[in-house]
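> Just the structure for this:
(one chain, ligands or ions: 2)
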Amino acid sequence: MIWQNFAVQNCPPSIYYLPDFITKEEECAIMQAVDKTPRPRWTQLSNRRLINYGGVPHPKGMIAEDIPVWLHHYVERINQLNVYAEGIKANHVLVNEYLPGQGIMPHLDGPLFFPTITTISCGSHTVLEYYEQTEDASGQEGSGSLVRQHKTSVLLEPRSLLVVKDDMYHKYLHSIAEREEDTIDARVANLSMVSNVHAGDVLRRDKRISLTIRHVPKTSKMKIKIF
Ligand SMILES: O=C(O)CCC(=O)C(=O)O
Ligand SMILES: [Fe+2]
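Numbering: from 1, shown residues only. Ligands and ions are numbered 1, 2, ... in the order given. Purely as a prediction, here's the structure:
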């Protein structure tokens, strides 16, 4: 599969959207495996819950942990695409679970990850929104007053793969609004790449599981110092 053939037009570089990257059976298997994950593995946040697999990224280096066997197949599928760079392989999977009405605040993924990321969506669609953040023109330099302007949106259907790099990784903040339904409008940049969804449609959200499969460049071996 040549992921470069799936570039989303009408948005800054670079987003790629691959519908039906996984089958319904694979989607079901992911949802079941995530469902079975023991409670202590989860980090509960106010508006979603998550699991780090592969370790917890850290500025001093991620202490690598094994990725569970059920995820190897999907990590391998991403590695076969060669999205990161020659010889660079995924070593981290972030599982996010969103119930209808939940989301994630505008943010950048930051310097701990290789700046090309991949996300598989399961269980429900969502709309990923991108914002340009600039210092308020009326505010004084360094006042810290920031304004956010909507740049583009991407509809993520269940079973799709998203690949994000370049300015869409480094420059524009992404978020998922805390909504129970999404009204699809012409600001959705990949509307021509989805079937049976049109501007004006209202899509009700269901529980969504996302797998964000990334490469964490800085890893460290745990050292136990004995004095
Ligand atoms: O769930 C998603 O698709 C996005 C998650 C995300 O942006 C993150 O965890 O950094
Ligand atoms: Fe993110």
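> going forward, measure contacts and count neighbours with C-alpha atoms only.
Fine.
> Please name the residues that touch Met105.
Contacts here follow Cα atoms under 8 Å, 6 or more residues apart in numbering; on that basis Met105 touches His174, Ser175, Ile176, Ala177.
> what pLDDT does the first one get?
The per-residue pLDDT reported for His174 equals 98.
> what does the last one give?
Among the per-residue scores, Ala177 shows a pLDDT of 98.
> pLDDT of stretch 123-131, averaged?
98.
> what comes into contact with the helix or strand hosting Leu71?
Using DSSP states H and E, Leu71 maps to helix 69-81. Outside helix 69-81, the residues that touch it by Cα under 8 Å, 6+ apart are Met1, Ile2, Trp3, Ala33, Lys89, Ala90, Thr118, Ile213.
> give me that answer again for 7 Å
Met1, Trp3, Lys89, Ala90, Ile213 (Cα atoms under 7 Å, 6 or more residues apart in numbering).
> With stretch 184-196 instead?
Counting by Cα under 7 Å, 6+ apart, 8-11, 152-155, 198-202 sit against stretch 184-196.
> What does the pLDDT read for Pro100?
So, for Pro100, pLDDT stands at 98.
> before we move on, what SS does it have?
coil (DSSP: H, G, I helix; E, B strand; the rest coil).
> Would you confirm that it contacts Asp206?
Yes: if you go by Cα atoms under 7 Å, Pro100 and Asp206 touch, sitting 5.5 Å apart.
> ok, whichever residue of the chain sits closest to ligand 1 - contacts?
Nearest residue of the chain to ligand 1: Ser210, at 5.0 Å (Cα to the nearest ligand atom). Taking Cα under 7 Å, 6+ apart, we find Ser210 in contact with Val95, Asn96, Glu97, Thr119, Ile120, Ser121, Cys122.
> Mind listing the residues bridging to the third one?
So the one you mean is Glu97. Counting by DSSP bridges, Glu97 is bridged to Arg49, Ile209.
> does it really touch Arg49, like I thought?
Yes: taking Cα under 7 Å as the definition, Glu97 is a contact partner of Arg49 at 5.4 Å.
> For those two, work out which one has more neighbours and name it.
Glu97 (24 against 16; other Cα atoms under 10 Å).
> can you count the residues close to Thr116?
Thr116, neighbours per other Cα under 10 Å, totals 20.
> Use 41 as the first number from now on
Got it, the first residue is 41 from now on, which makes the last one we talked about Thr156.
> what's the spatially closest residue to it that is not a sequence neighbour sitting at in phi/psi?
Spatially, and ignoring its direct neighbours in sequence, Thr156 is nearest to Lys205 (4.5 Å; Cα to Cα, 6 or more residues apart in numbering). Main-chain torsions, Lys205, degrees, to the nearest 10: phi -150, psi -170.
> got a list of what Lys205 touches?
Ser54, Ile55, Pro155, Thr156, Ile157.
> 10 Å - rerun?
Pro53, Ser54, Ile55, Tyr56, Val123, Tyr124, Phe154, Pro155, Thr156, Ile157, Thr158, Lys211 (Cα atoms under 10 Å, 6 or more residues apart in numbering).
> Which of those ranks first by neighbour count?
Ile55 (24 neighbours).
> What residues are bridge-paired with that one?
Val204.
> and this protein, which of its residues are near ligand 1?
Asn136, Asp149, Ser250 (Cα under 6 Å from any ligand atom).
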